[in-house]
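Colleague: sequence-free structure coming up:
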């Protein structure tokens, strides 16, 4: 990732909390008083939890619990360094008979933590456990954790940053946290989670509403829902995650579309115990839960710990629900009781309520700035449900918004596009093969066959019929869902002797009749150009950049014309000045949550809003505006060397996972009048 992107991401980590604070971090002494917190401009004391957090020096701001919990719901205070975006969050958690060795295993298994300091068994009681974790898929956002023993609790200071943490900042934080040993932590109630959008549903008034299956789930008071971005979140792309507020317990609730007849066959397979697994039945108001209990022993740093696991399956009409509970140093009886309590919170959604919530969810996802899959690479892009490989001349166009989830893989990755529909248990990969020799090797080595000729018209490529290879059903998914799976490889020739390759994995029942409707459905999304088209086209006096999803199209007679492409900027010029447009990509997080959108919008503000803008000069924000069909922010500043500075305006807006920048600069003898800004703004279009 480029340095400019790293810098921007650093800013993002530091400013996420502003969304909850209404755009500014308050610094009044009374803030947080109702939470037992006393704050000044340089310190915060929490009389309930027994700590003092001190600003390490100039440039640091202190957050109270209301502000810090906007990033991590467990955080009770925090620090933010204005100049670098480095932030530190403090959480105080009940220990509940866990020592630091056990806590390390919990962090390692749930957050993939790595030791940076001495192993837990070698630490004195005064020394903190020092760990590092990854905060993002692309592994550019990291955090260092310092976990202190604090009476019957642990105090965790998480320092988040992008790239490398400056040594001077790490050193300055050494004395930022002071624990008050004479104050034993007193636990206070935490606020409920705010309403939020999940990929498959909503969190509304303390309940999770699954809009595919049509159920609502309310959790007991000692549990909470996990949201996208939570430090201990599971994979939430098609799941509902839950965490116990005090115990090291995590739970997932997943759903799969399975016919009633197939459910019966799957339950038979799932009821076959292996090893020391225990099978049991738990009656519920909604039917019988099939339980499978198991225990895993793990050894870390000379300490042997046990992870108890309970999986449970429940039929729900044409759906199967699956609970997956795991607890560190927990008993089987404890997990069974937790499962029973969680299952009691299930209820069916009335049809009229379900229809209204589905419309609300679709309206959110259809907003032009909400495109969680979007991204672009050189000559490849994924925008609004369409993947296009411009160089090879083929595209994959999703027909329905909720048909598949797709992810553009970065340059050099294999495959280049991955798609899945977890609830139908489908996964596919698409890639371009450059030679028939390479293709033959793929068929032989990966599938052990030369490949059979295809005779279906819909499987015809632009240069002839393709080939298909099968692999026999396997039982890879049987432990989780009781289904055997089948793989198919299809290759279609392109006109330049290259090939499009599709690999599909799905439950075997989808292929009961020939190629099966699922394969036909996916192949129906493939489209081929007569000739590979250009990713950037000249249009009138302007530009259309299909690859990066934007265009500059001046109106006829405006006096603006194409000038060139400079370092990724599309440039227009006139006697009045110049206008440039450039998107900046960020790796997809496949997250359409409101919280993710707020963070991205704040990043747009931070790119130029903290005195580190890439164009030089002090920046003035002029307010919100529309950039095409996108909500945007408008800034003004001067560019150029001293004595020859020119006025400039910058508009920045998020669309999916890319940041659009539109920069207008005037000539020395031209005023940057509102009419000129409005005219230039009208030239931009998002695609």
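Modeller: Sure thing, it's come through. As the structure is a computational prediction, the values presented were derived from the model and not from experiment.

Colleague: switch to C-alpha atoms for all contacts and neighbour counts from now on
Modeller: Noted.

Colleague: could I get the buried residue list for the host helix or strand of residue 537?
Modeller: Secondary structure from DSSP states H and E places residue 537 in strand 536-539. Within strand 536-539, the residues scored as buried using 16 or more other CA atoms under 10 Å are residue 536.

Colleague: residues of the next helix or strand after it that come out buried?
Modeller: Remark: after strand 536-539, the chain's next helix or strand is strand 542-545, criterion DSSP H and E. Applying a neighbour-count criterion of 16+ other CA under 10 Å, one finds 542-545 buried in strand 542-545.

Colleague: and if you look at stretch 406-414?
Modeller: Result for stretch 406-414 [16+ other CA under 10 Å]: buried residues 406-410.

Colleague: how about residues contacting it?
Modeller: 373-378, 381-382, 385, 387, 415-420, 431, 588, 590 (CA atoms under 8 Å, 6 or more residues apart in numbering).

Colleague: from these, which land in helices?
Modeller: Within those, no residue falls in helices by DSSP state H.

Colleague: of those, just the buried ones, ChimeraX syntax please.
Modeller: Per 16+ other CA under 10 Å, the buried members of the contacts of stretch 406-414 correspond to this ChimeraX selection:
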select :373,374,375,376,381,382,385,387,415,416,417,418,419,420,431,588,590
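
Colleague: what helix or strand is the nearest residue to residue 273 once chain neighbours are set aside on?
Modeller: Closest residue to residue 273 apart from its sequence neighbours, by CA to CA, 6 or more residues apart in numbering: residue 279 at 6.5 Å. If you go by DSSP H and E, residue 279 is part of strand 278-284.

Colleague: starting at the chain centroid, how far to the first helix or strand past that strand going along the chain?
Modeller: Downstream of strand 278-284, the next assigned helix or strand under DSSP H and E is strand 287-300. Taking CA atoms, centre = their mean, to the nearest Å, the mean C-alpha location of strand 287-300 is offset from the chain mean by 28 Å.

Colleague: strand 287-300 pairs with which strands?
Modeller: Using DSSP bridges, strand 287-300 pairs in its sheet with strand 278-284 (antiparallel), strand 303-316 (antiparallel).

Colleague: how about the first one: buried residues?
Modeller: Think strand 278-284. In strand 278-284, counting by 16+ other CA under 10 Å, buried: residue 279.

Colleague: for stretch 559-569, same thing?
Modeller: 560-563, 569.

Colleague: most widely separated two among those?
Modeller: For these, the farthest-apart pair by CA to CA is 560 and 569; their separation is 15.8 Å.

Colleague: out of the buried residues of stretch 559-569, who's nearest residue 125?
Modeller: residue 569 (56.0 Å).

Colleague: okay, and the beta partners of that closest one?
Modeller: Beta-bridge partners of residue 569, as defined by DSSP bridges: residue 566.

Colleague: tell me where the stretch 351-500 of the chain has helices.
Modeller: 351-365, 436-447, 478-481 (DSSP state H, counting those that start in this stretch).

Colleague: weakest of these by average pLDDT?
Modeller: Note on these: lowest mean pLDDT is at helix 436-447, with a mean of 60.

Colleague: quick one: the closest residue to residue 37 other than its chain neighbours from residue 52, how far?
Modeller: Distances taken as CA to CA, 6+ apart place residue 46 nearest to residue 37, at 4.4 Å, with adjacent residues excluded. Using CA to CA, to the nearest Å, residue 46 is found at 6 Å from residue 52.

Colleague: quick one: low-confidence parts of the stretch 101-250 of the chain?
Modeller: Along the stretch 101-250 of the chain, segments meeting pLDDT under 70 span 105-106, 109-111, 121, 134-142, 162-164, 181-185, 187-194, 227-238.

Colleague: next one: the stretch 351-500 of the chain
Modeller: 401-402, 412-413, 436-478.

Colleague: what segments of it are strands?
Modeller: Ranges of strands within the stretch 351-500 of the chain are 375-377, 380-383, 386-389, 394-397, 405-408, 417-421, 426-433, 452-453, 460-461, 464-465, 467-474, 485-493, 499-507, based on DSSP state E, counting those that start in this stretch.

Colleague: tell me which of those sits most buried.
Modeller: Counting by mean count of other CA atoms under 10 Å, strand 380-383 has the highest mean neighbour count of these, with a mean of 25.

Colleague: helices or strands up against that strand?
Modeller: strand 375-377, strand 386-389, strand 405-408 (3 or more CA pairs under 8 Å, 6 or more residues apart in numbering; DSSP states H and E).

Colleague: quick one: contacts of it?
Modeller: 371, 373-376, 387-391, 407-408, 547-549.

Colleague: which residue, other than its chain neighbours, is closest to residue 101?
Modeller: Nearest to residue 101 is residue 120, by CA to CA, 6+ apart, at 5.3 Å.

Colleague: cool, residue 51 as well?
Modeller: Nearest to residue 51 is residue 179, by CA to CA, 6+ apart, at 4.4 Å.

Colleague: follow-up on the earlier one: just the buried residues of stretch 559-569 now: which is nearest residue 297?
Modeller: Looking across the buried residues of stretch 559-569 and measuring by CA to CA, the closest to residue 297 is residue 569, at 55.4 Å.

Colleague: run the chain-centre distance for stretch 628-641.
Modeller: The answer for stretch 628-641 is 27 Å, by CA atoms, centre = their mean.
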